[in-house]
Each structure stands twice: as structure tokens, then as C-alpha cells.
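S.K.: please find the sequence and the predicted model below.
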Amino acid sequence: MSHLFLGLISGTSADGIDAALVEFPDRTGTAGLRLRAARTHTWAPALRERLVALGQGGELTSLDELGRLDVQVASAFADAALALLDEAGVAAAQVAAIGSHGQTLRHRPHGDAPFTMQVGDGNVIAERTGIATVADFRRRDVAAGGHGAPLVPAFHAALLHSADEDRAVLNLGGIGNYTLLPRQGDVRGFDTGPANALLDAWCLRHTGQPFDADGAFAASGQVDGGLLDRLLDEAWFALPPPKSTGREQFHLDWVDRRLLGGESPADVQATLLELSAVTVARALDVHQPGTARVIACGGGVRNPQLLARIAAHLPGARIESTDVHGLDPDFVEAMAFAWLARETLAGRPGNLAAVTGARGPRVLGVVHPP
């Protein structure tokens, strides 16, 4: 089997499809792992707009729409994979498999019929690329009683665990999530709440820009203490792990219901940034106090205002990017899905039951042959 695997993911923010071509010289571990090439593929604007609307609770117009979206998203993922291979000068035949996360439309791990739904048909990706494609990673974990998320902690643990200090890996995507890596003991992981999702949505509404570059919009405002208290009063924040969430819970309607009216847009942006920082810090203080090092990845690493506020709330921890450890912070999750595809083909579990709450380890995903 080839040493090359390709990971694809579009996260909660749906701000692009991240594609990562990863070399795994060690067939069982991560020794010598190397990111050969990576790129972010832009969504067609109309498709992205529809995916964002559905992801935050919008209703499908019909079953036909769901079927079309499943194929349209898969085609976009296939385009992302093929563009990356073309840029890297790598033939499809050299790649063992693609690991595709898909695009989440709904995530409902609770209730009498728990489910999670990602669109992006793996059959289409395999057909378009000619590469075996592993997709639909989350549903097996949900079927086993878990949340189906987060799935990246096993990859974090393999690369970033230290026997010398307690560490945490913080992914600042649309939703924030932690992987807790104590010097000794079980790896744990859970979502913390909104990281960039609300910041991006509010910025788009009030500036027309898809994200707050360098946190400048937030820096131009002041934190509204009353609004912050109302946002933090959300019951979800007090839930114990395992816990996961998404745009279907934390969206602009959720924010709007907590506004009194007349707030400055810049002040709301500053308050949403503070919400992300406070919830990230409180979660770590509760679940792994004394953490020495927080290693951050995801789009939020590019927001110096957000990192500064997190650091202010975690004065005892060193906050640094995965760049320090040789991992591009923009592509850690895509690399993880390349790794998950490798684990699936090898018949090895990809979840950590202590993280997701599943009844035990499970081999994840559905394999679509080339």
C-alpha cells in the first residue's frame, strides 16, 4: 500500500475545503509523518451560502435538495483533491486512499434517535478521482452511543503528547474543541462552544467580510459585560464531557435573542470574541487545571486578538501554534482525516471512547473502492 493519503475537510465555518496530502512512512505509527502538499479550495458562493444556512438550522426544501447537495458537495471535494494532486505533481495511482469528512448539515447526538449528518457522497469522490475513498466517519461512533465528535484527539495524541508536561491541543475552528494530553492518564477531548463561527457570521453581517482579519473589527469595540453574561448563561456550557456542538446551536439567531437592541456592532464583535476566549479558558481550568502548554490550530490561530484574550485568561499556560511543532495550523484537521483513512484501511479503530462517549473503540467510515 502507498505511503500517501489525502485528507479532506470543510468545518463548521464552511469557509473552504482543506485538502492535505500526507506521507506516512511508518505503516502503524506517525514517525516521519510529512505534509507533502496542502491547499484550501474555495466553495462556490451559492453552494456555501446554502450549506451555512442549513448548518445553522435552516430547513431543506425537499428530499431532492438533499440528494443534489450530497452530490454537489462530493464533486467540490473531488475537485479539491484533484487540484491538490495536480499542484503537487502526484498521480492518483500513488495515493492509497482519501479520507473525507464531508460537510455537516446536522449534529444531534442526543434524543431517542441520535444522529449526525454529513453530506458529500464518497462514491462520487472515488469515481471522480479514481482513488479509494473513506467517508462517513462519524456515524459509527454515534451508533455505538458516542457523539461522533471530536475525532481528531487520537491524531493529536499520537503527534503531540509529552511525558514531561500536561498539554492541551486547542482547535479554533468554527467551534472550539480541546484534546487534553496529561502526562499520565487517558486522553480526553470535547467541544468548548463557538470559536470563529459567531465571529465570522457577525462580521459578514456588518462588514460584508467573511472573517475579522487580525481581529481588527473586535479590537475597535468594547466588551459589553451584560451581553457577555447573557451569552454565558447558555446551559450547554455547563454540560460535562462528552460534549459536542455546532452551528445548528450557536448561530446568529442565538445571539440576536440575547441582544437588548441598539448595541454597537463593534461592541458585539468584541463580546463574541471574549465569549470564545472565556469559554475556552474556563473549560481548561475545570477539566485540566495546571496545563503547562496549549498548542493551538485552526483558523483562530490567525486572530491575534483571540489568542491574546485566551492567554489573558490562562496566565499559567504557554499558548503557541502547532507551527512550533512542525504542523501547519491550517491543515491539522485535514491531516487527521488522512490518518483516519489509513487507520480504517488497516482495520484499526479511529475513535477514542473516553472522548466521544462511545461504548468502545470502533473502526470508522465506509470504504468506497476506486
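M.R.: Perfect, I can see it now. Just so it is clear, the structure is predicted and the values come from calculations on it, not from any experiment.
S.K.: CA only for contacts and neighbour counts going forward, please
M.R.: OK.
S.K.: where's Arg348, which helix or strand?
M.R.: Here Arg348, judged by DSSP states H and E, is contained in no helix and no strand.
S.K.: which stretches of this protein form strands?
M.R.: 4-9, 17-23, 34-41, 95-100, 103-108, 115-119, 133-135, 167-172, 175-181, 188-194, 293-297, 318-321, 366-368 (DSSP state E).
S.K.: rank these by pLDDT, which is bottom?
M.R.: The weakest mean pLDDT among the strands of the chain belongs to strand 103-108, with a mean of 92.
S.K.: what does it contact?
M.R.: Residues outside strand 103-108 that contact it (Cα atoms under 8 Å, 6 or more residues apart in numbering): 9-12, 14, 51, 54-57, 73, 114-120, 245-246, 248.
S.K.: CA atoms only: put it into PDB for me.
M.R.: What follows is strand 103-108 as a C-alpha-only set of coordinates in PDB (Å, rounded to 0.1, in the frame of the first residue of the first chain):
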ATOM      1  CA  GLN A 103     -19.900  18.900   5.300                       C
ATOM      2  CA  THR A 104     -22.000  18.700   8.400                       C
ATOM      3  CA  LEU A 105     -25.700  19.700   8.000                       C
ATOM      4  CA  ARG A 106     -27.000  18.400  11.300                       C
ATOM      5  CA  HIS A 107     -25.400  17.100  14.500                       C
ATOM      6  CA  ARG A 108     -27.900  15.700  17.000                       C
END
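S.K.: and it, which residues are buried?
M.R.: By 16 or more other Cα atoms under 10 Å, the buried positions in strand 103-108 come out as 103-108.
S.K.: cool, and stretch 352-368?
M.R.: 352-358, 361-368.
S.K.: between the strands of the chain, which gets nearest to Ala88?
M.R.: strand 34-41 (6.2 Å; Cα to Cα).
S.K.: strands paired with the closest one, and their directions?
M.R.: Within its sheet, and counting by DSSP bridges, strand 34-41 is paired with strand 17-23 (antiparallel).
S.K.: picking that back up, which one of the buried residues of stretch 352-368 is nearest Asp214?
M.R.: When the buried residues of stretch 352-368 are compared against Asp214 (criterion: Cα to Cα), the nearest one is Val355, at 31.9 Å.
S.K.: still on that earlier bit, and the furthest pair within the buried residues of stretch 352-368?
M.R.: Farthest pair in those, by Cα to Cα: Ala354 and His368, 28.5 Å.
S.K.: wait, Val363 sits on Arg348?
M.R.: Yes - shown here, Val363 and Arg348 form a contact pair, counting by Cα atoms under 8 Å, at 5.7 Å.
S.K.: how close does His101 sit to Thr133?
M.R.: Using Cα to Cα, to the nearest Å, one gets 10 Å for the distance from His101 to Thr133.
S.K.: next: Gly299.
M.R.: Gly299 sits at a distance of 26 Å from Thr133 (criterion: Cα to Cα).
S.K.: more neighbours, these two?
M.R.: Under the neighbour definition other Cα atoms under 10 Å, Gly299 and Thr133 were set side by side, and Thr133 has more, 29 against 19.
S.K.: show me what contacts the residue lying closest to the more buried one once chain neighbours are set aside?
M.R.: Among residues not flanking Thr133 along the chain, Ile98 sits closest, at 4.6 Å (Cα to Cα, 6 or more residues apart in numbering). By Cα under 8 Å, 6+ apart, the residues touching Ile98 are 5-8, 131-134, 338, 341.
S.K.: go again using 6 Å as the cut-off
M.R.: 5-7, 133 (Cα atoms under 6 Å, 6 or more residues apart in numbering).
S.K.: okay, Met1: pLDDT?
M.R.: 67.
S.K.: again with Pro369
M.R.: 98.
S.K.: and it, how far from Ala96?
M.R.: Taking Cα to Cα, one finds Pro369 at 11 Å from Ala96.
S.K.: one more: Glu127?
M.R.: From Glu127 to Ala96 the distance is 15 Å (Cα to Cα).
S.K.: for the stretch 1-150 of the chain, which spans come out with low pLDDT?
M.R.: 1 (pLDDT under 70).
S.K.: ranges for the helices of it?
M.R.: 45-55, 63-88, 122-129, 138-143 (DSSP state H, counting those that start in this stretch).
S.K.: nearest to Ala195, of those helices?
M.R.: Taking the helices of the stretch 1-150 of the chain one by one with Cα to Cα, helix 45-55 is closest: 15.7 Å.
S.K.: check contacts around Leu275.
M.R.: Counting by Cα under 6 Å, 6+ apart, Leu275 has no contacts.
S.K.: can you rerun that using 7 Å?
M.R.: By Cα atoms under 7 Å, 6 or more residues apart in numbering, the contact set of Leu275 is Leu228.
S.K.: ok, Ala158 next?
M.R.: Applying Cα under 7 Å, 6+ apart, the residues contacting Ala158 are Thr30.
S.K.: what of Leu84?
M.R.: 19, 38-39.
S.K.: can you report how many residues neighbour Leu159?
M.R.: By the criterion of other Cα under 10 Å, Leu159 has 15 neighbours.
S.K.: ok, and the closest non-adjacent residue to it?
M.R.: Nearest residue to Leu159, sequence neighbours excluded (Cα to Cα, 6+ apart): Thr30, at 7.0 Å.
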